[in-house]
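Engineer: below is the sequence, then the predicted model.
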Amino acid sequence: GGSREAGGAVVSVVARRVTMFSSERADSGWGCGWRNVQMMISHLLDPDRGGDAQLVPLSSVSSRWGGRVPDIGALQDCLEAAWAAGFDVAGREQLGGRVKGTKKWIGATECAALLRFCGFRAEIVDFHGNAPSQHQASALVVACDGCGLSPINFASFFRSLSRPDFDLCPACHASKQHQTPLETWDRILPDPTTRKVARKHASLMDFVWRYFGGRDGASELRGQDENKASQVVQSGKTPLYFQHQGHSRTVVGVQRCYTFKGDILDTKLLILDPSTSSAKLEILFSNNQLWQKHIKLSLTNLKQEKYQLVYVDITRRLMEPHKRDAFKVLRAIESYDT
């Protein structure tokens with residue numbers, strides 16, 4: 001849901017129901033890609049998922065997996081079958097042509113190949129950006145890892161010397177609620193001339209906003225009064241498989257904070273991370289602030305050089321087997337350089 005942020009209103013646009021699948025002990029460290037595919041399939045199996053039921057009928061989706069989300073072993077079988085049918089030859093060669101019973105992790109192309117083999121029009125979008133230099137990194141807006149305030153609009157903030165990339169605003173640091181025993185802190189005095197938002201991968205944020213159906217700020221807020229803190233809009237789109245080097249997550253929505261004039265203050269991806277257990281999420285959601293660090297991802301968190309998204313186009317019909325040859329080679333349908 002949304003929550004009021006300093007100076008404006010919050011609009012959240014989210015996919016309809018998605019079941020969370022967390023990595024278990026047996027697939028810890030390598031199973032994130034498979035778990036994200038499960039989350040996408042859970043959405044496709046939901047009768048209230050949105051989209052045109054005539055184009056992507058639930059009966060066709062359910063028949064392939066018996067109406068339930070397949071386990072990792074079944075997904076491994078499906079990927080190998082996709083390879084045998086000629087999908088993603090390059091990916092097959094890279095992974096040695098076998099994943100069944102192994103601990104091999106998969107990425108965006110494997111996710112797309114598996115879904116295309118099943119008839120879904122899965123598409124890949126690439127985002128390229130240069131990793132920030134040390135000077136550029138110091139210029140990024142800093143978010144508080146306690147209350148989620150972004151940016152920390154104070155003359156100073158506190159950076160943990162015990163935990164990497166963990167910062168607190170003065171109020172959260174003073175409360176001591178987010179500190180561990182014996183943790184040491186460094187008080188940071190930012191250079192006021194460098195306090196600006198880095199625009200690296202801003203195109204990714206904009207794409208996700210448009211994808212889920214978000215409108216411009218003036219349209220979103222037209223007719224609202226300043227006493228309305230937030231609104232949540234359900235999207236008719238599927239969740240996004242979100243890949244970067246070494247890890248993947250599922251984007252289930254996007255959130256924007258506006259001034260009441262419609263100017264954008266901040267944009268955050270709303271994500272489910274398979275590395276976070278369901279039990280931990282329940283604990284986090286019991287705290288009104290801690291959960292935001294694990295669910296919301298802002299522009300300043302996008303520090304990788306390359307990201308990939310995979311989505312299923314449910315505005316077009318499922319592909320018949322004899323029409324899938326053109327989809328066997330995996331290429332990005334869109335590519336952005338930032």
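Structural biologist: Structure received.

Engineer: just the helices in the stretch 151-300 of the chain please.
Structural biologist: Under the criterion DSSP state H, counting those that start in this stretch, the stretch 151-300 of the chain carries helices at the ranges 170-175, 202-211, 217-221, 278-285, 290-295.

Engineer: of all the ones you listed, which lies closest to R316?
Structural biologist: Ranking those by proximity to R316 (C-beta to C-beta) places helix 202-211 first, at 15.1 Å. Every C-beta, even on glycine, is put in place using the N, C-alpha and C of the backbone.

Engineer: using CSV, list the CA coordinates for the closest one.
Structural biologist: The C-alpha trace of helix 202-211 is given here as CSV (Å, rounded to 0.1, in the frame of the first residue of the first chain):
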residue,chain,number,x,y,z
ALA,A,202,16.0,6.4,-14.7
SER,A,203,14.7,4.9,-18.0
LEU,A,204,14.1,1.6,-16.1
MET,A,205,12.0,3.4,-13.6
ASP,A,206,10.1,5.2,-16.3
PHE,A,207,9.6,2.0,-18.3
VAL,A,208,8.2,0.1,-15.3
TRP,A,209,5.8,3.0,-14.5
ARG,A,210,4.5,3.1,-18.1
TYR,A,211,4.3,-0.7,-18.2
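
Engineer: and that helix, which residues are buried?
Structural biologist: Buried residues in helix 202-211, defined by neighbour count with 16 or more other C-beta atoms under 10 Å: A202, S203, L204, M205, D206, F207, V208, W209, Y211.

Engineer: need these in a markdown table (columns: distance to R249).
Structural biologist: Putting those into a markdown table (distance: C-beta to C-beta, whole Å) gives the following:
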| residue | distance to R249 |
| --- | --- |
| A202 | 19 |
| S203 | 19 |
| L204 | 13 |
| M205 | 15 |
| D206 | 19 |
| F207 | 16 |
| V208 | 12 |
| W209 | 17 |
| Y211 | 16 |
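
Engineer: nearest to L302, of these?
Structural biologist: For L302, the nearest member of the buried residues of helix 202-211 is L204. The distance, counting by C-beta to C-beta, is 6.6 Å.

Engineer: my read: that closest one touches L302, true?
Structural biologist: Yes: applying C-beta atoms under 8 Å as the test, L204 and L302 come out as touching, 6.6 Å apart.

Engineer: look up how far C111 lies from G91.
Structural biologist: The gap separating G91 from C111 is 10 Å, by C-beta to C-beta, to the nearest Å.

Engineer: which one's more surrounded, these two?
Structural biologist: Between G91 and C111, counted using other C-beta atoms under 10 Å, the more crowded position is C111 (26 against 20).

Engineer: so what's the residue lying closest to V37 once chain neighbours are set aside up against?
Structural biologist: Nearest residue to V37 in three dimensions, chain neighbours excluded: C111, at 5.4 Å (C-beta to C-beta, 6 or more residues apart in numbering). Applying C-beta atoms under 8 Å, 6 or more residues apart in numbering to C111 gives the contacts G33, N36, V37, M40, A122, Y241, Q243, V310.

Engineer: count of neighbours near the fifth one?
Structural biologist: Each residue near A122 was counted by other C-beta under 10 Å, and the total is 25.

Engineer: so who does it touch?
Structural biologist: C111, A112, L115, R116, V310, Y311, V312, D313.

Engineer: out of the residues you listed, which are inside helices?
Structural biologist: Within the contacts of A122, residues falling in helices by DSSP state H are C111, A112, L115, R116.

Engineer: export those residues to TSV and tack on pLDDT and distance to A332?
Structural biologist: Output for the ones in helices among the contacts of A122, formatted as TSV (pLDDT from 0 to 100; distance: C-beta to C-beta, whole Å):
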residue	pLDDT	distance to A332
C111	97	13
A112	97	10
L115	94	15
R116	94	14
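
Engineer: kindly indicate which of those residues lies nearest F166.
Structural biologist: The closest of the ones in helices among the contacts of A122, once distances to F166 are taken by C-beta to C-beta, is C111, at 30.8 Å.

Engineer: please report how far the closest residue to W34 other than its chain neighbours lies from V99.
Structural biologist: Excluding its sequence neighbours, the residue lying closest to W34 (C-beta to C-beta, 6+ apart) is I72, at 4.6 Å. From I72 across to V99, the span is 9 Å (C-beta to C-beta).

Engineer: flag every buried residue along stretch 232-251.
Structural biologist: The neighbour-count criterion (16+ other C-beta under 10 Å) identifies 234-235, 237-244, 247-251 as the buried residues of stretch 232-251.
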